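**Q** Any chance you could fold what I've pasted below:
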Amino acid sequence: MNTLTHDDLVVTGTSRNAPAQIPVSGGQSWQGPASVWPDFLVGQPDQPVRVLLVDDDPHIRHVIAQELLADKRIHLVAQAGGFKEGRRRVAQQDFDVLLVDLNLGDGSGFELIEQVKSLRPMAEVVVISAIEDERHALHAFELGATGYLIKNSWFGSFSQAVLQVVNGGASITPNLARRLLHRLEGRPSDEPARTSKERLSDREREVLRMVAAGYTSGEIGVRLDISMQTVNAHVRNIYRKLRVRTRAQAVSCATERGLI
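**A** Below you'll find the predicted structure:
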């Protein structure tokens, strides 16, 4: 029998090569199939995606940790069992993806999302929650999350969610995604046209295209022959006009609207 030890976790009876057993509704389990991972995607065995896991439920945290440890493309760098410990880990630990519950007992996962986006704006956030509520999901996305998984769902693949978000995608439990679509379909389709003040200028579009290509503010400034402060001013204007809070949200929103 193999035993894996990582930080505060000890996992017995599994290995990093073994497919994960994921709990689903009705006490059943689902075994994720092995997959071929192209070498051009982020998350290779020799350079795995670093994950920080924050959840105050020891059982759920153990199950998620087992799945992450079983995938060579992912490195579970640390865990936290509550809000205060999570804040400390976020401040001290280097990571690429935060997996976080919203109800942490001693605090809110929403606050941790805000902290991550302030300290580590390039890090991705995936919510893991027992609450299948559109308002909670939308608020998490507004704060910068790119994934929302419901615990004990038939579709709960935490490793896949991590790999999806670091490669530019999003991960939402299908049932919740459908509910969000229905919510959007209920909105009036004849929203008033945006005023000229809300439209992106040619320079703002140019900056946003370079943001989408992965350039930093300093690199954009050099290429456009403007100061980094001017670049950041354009980025702030883009945020305001698109009503977003992060670069990833700005790129996603502009792409959906055909602005870039």
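**Q** show me where the stretch 1-150 of the chain has strands.
**A** Taking DSSP state E, counting those that start in this stretch as the criterion, the stretch 1-150 of the chain carries its strands at 3-6, 9-12, 21-23, 29-31, 49-54, 74-80, 97-100, 124-129, 147-150.
**Q** Return the member of those having the minimum mean pLDDT.
**A** If you rank the strands of the stretch 1-150 of the chain by mean pLDDT, strand 9-12 sits at the bottom with a mean of 34.
**Q** Need the residues that contact stretch 243-260.
**A** Contacts to stretch 243-260, defined as Cβ atoms under 8 Å, 6 or more residues apart in numbering, come from residues 117, 121, 141-144, 146, 200, 205, 208-209, 211-212, 235, 238-239, 242. From N, CA and C alone the C-beta is placed, and that goes for glycine too.
**Q** Among those residues, name the buried ones.
**A** Buried members of these, scored by 16 or more other Cβ atoms under 10 Å, are 117, 141, 143-144, 146, 200, 205, 208, 211-212, 235, 238-239, 242.
**Q** ok, which pair from those residues is furthest apart?
**A** Across the buried ones among the contacts of stretch 243-260, the longest distance by Cβ to Cβ is 25.4 Å; it joins Leu143 and Arg205.
**Q** so what are the domain limits for the chain?
**A** Domain ranges of the chain: 3-26+44-181, 196-256, per automatic domain parsing.
**Q** OK, contacts around the most centrally placed residue in the chain?
**A** Nearest to the mean C-alpha position of the chain, by Cα atoms, centre = their mean, lies Val125 at 3.0 Å. Contact analysis of Val125 by Cβ under 8 Å, 6+ apart lists 97-98, 100, 113, 116-117, 140, 143-147.
**Q** And for Phe110?
**A** Contacts for Phe110 (Cβ under 8 Å, 6+ apart) come out as 102, 139-140, 143.
**Q** For it, give its distance to Asn232.
**A** Noted for Phe110: a distance of 25 Å to Asn232, by Cβ to Cβ, to the nearest Å.
**Q** List the buried residues for stretch 44-57?
**A** Those would be 48-57, for stretch 44-57 by 16+ other Cβ under 10 Å.
**Q** one step back: can you tell me which of the domains of the chain is nearest to Pro38?
**A** Closest of those to Pro38 is domain 3-26+44-181, at 9.6 Å (criterion: Cβ to Cβ).
**Q** how far out from the middle of the chain is the closest one?
**A** From the chain centre to the centre of domain 3-26+44-181 is a distance of 8 Å (Cα atoms, centre = their mean, to the nearest Å).
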